[in-house]
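A.B. asks: sequence unavailable; structure follows:
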């Protein structure tokens, strides 16, 4: 009797394993390409306000259920400096930068992937020309004050953009609850629900 039960159970186990493998491969295939998220507010950067757009880029590897992932962020920070002995009128400082980190991903099941990032690949870039210093009220000394403050403003922006990037992209170890529908992907990263979109025409051929 036990032998008959075992003979019946083995095909069921094999079928379940095949179904699981197929669902993992299907998810991996649907992820391929570049995805851009919606703007997000970023907290605890030291800036008055900070926002970012996350970008995920998946490239399938030799196995059906794994490959490389690049996680990027386009980050904007803004600071307001009140008037003081050096600044005669309130000054707004805004800057934008990019950050990225690469690693590998592995599909865990039909709606979850495990991510392993290479910390040494983390980079940030802030364009000095993109740092804007804007006075609410222009004075004769505004131009000279702006030139004097620009180097310090650039250092501050780099620190804040790096801090924002570290909280957004370097601590990702998994992406959960993934649902892909054509060019739209809904998922959960760090207990936050995010919607990503893929460029039209980039939908991979499904098996």
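C.D. replies: Structure received. All figures in this text were calculated on a predicted structure; none of them were measured in a lab.
A.B. asks: for residue 130, report the pLDDT, please.
C.D. replies: Per-residue pLDDT puts residue 130 at 82.
A.B. asks: sorry, wrong one. I was asking about residue 203.
C.D. replies: Here the pLDDT value assigned to residue 203 is 51.
A.B. asks: other SSEs contacting the longest strand seen in the chain?
C.D. replies: Using DSSP state E, we find that the single longest strand of the chain is strand 91-109. With contacts defined as 3 or more C-beta pairs under 8 Å, 6 or more residues apart in numbering; DSSP states H and E, strand 91-109 has these neighbours: helix 2-31, strand 66-81, strand 112-117, strand 123-126, strand 132-135, helix 142-168. C-betas here are computed from N, CA, C, even on glycine.
A.B. asks: most packed of these?
C.D. replies: strand 66-81 (a mean of 20; mean count of other C-beta atoms under 10 Å).
A.B. asks: could you find the closest non-adjacent residue to residue 46?
C.D. replies: Closest residue in space to residue 46, ignoring its immediate chain neighbours: residue 160 at 5.2 Å, by C-beta to C-beta, 6 or more residues apart in numbering.
A.B. asks: list the contacts for the residue lying closest to residue 61 once chain neighbours are set aside?
C.D. replies: Nearest-residue entry for residue 61: residue 67, 3.9 Å, with adjacent residues in sequence omitted and distances by C-beta to C-beta, 6+ apart. When contacts are counted by C-beta atoms under 8 Å, 6 or more residues apart in numbering, residue 67 touches 28, 58, 59, 60, 61, 104, 105.
A.B. asks: out of the residues you listed, which are buried?
C.D. replies: Among these, those classed as buried by neighbour count (16 or more other C-beta atoms under 10 Å) are 28, 58, 60, 105.
A.B. asks: can I get those residues in CSV with distance to residue 130?
C.D. replies: Shown next, in CSV, are the buried ones among the contacts of residue 67 (distance: C-beta to C-beta, whole Å):
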residue, distance to residue 130
28, 36
58, 29
60, 34
105, 31
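A.B. asks: check those and tell me the two furthest apart.
C.D. replies: Greatest spatial distance in those: 60 and 105, 9.6 Å, computed using C-beta to C-beta.
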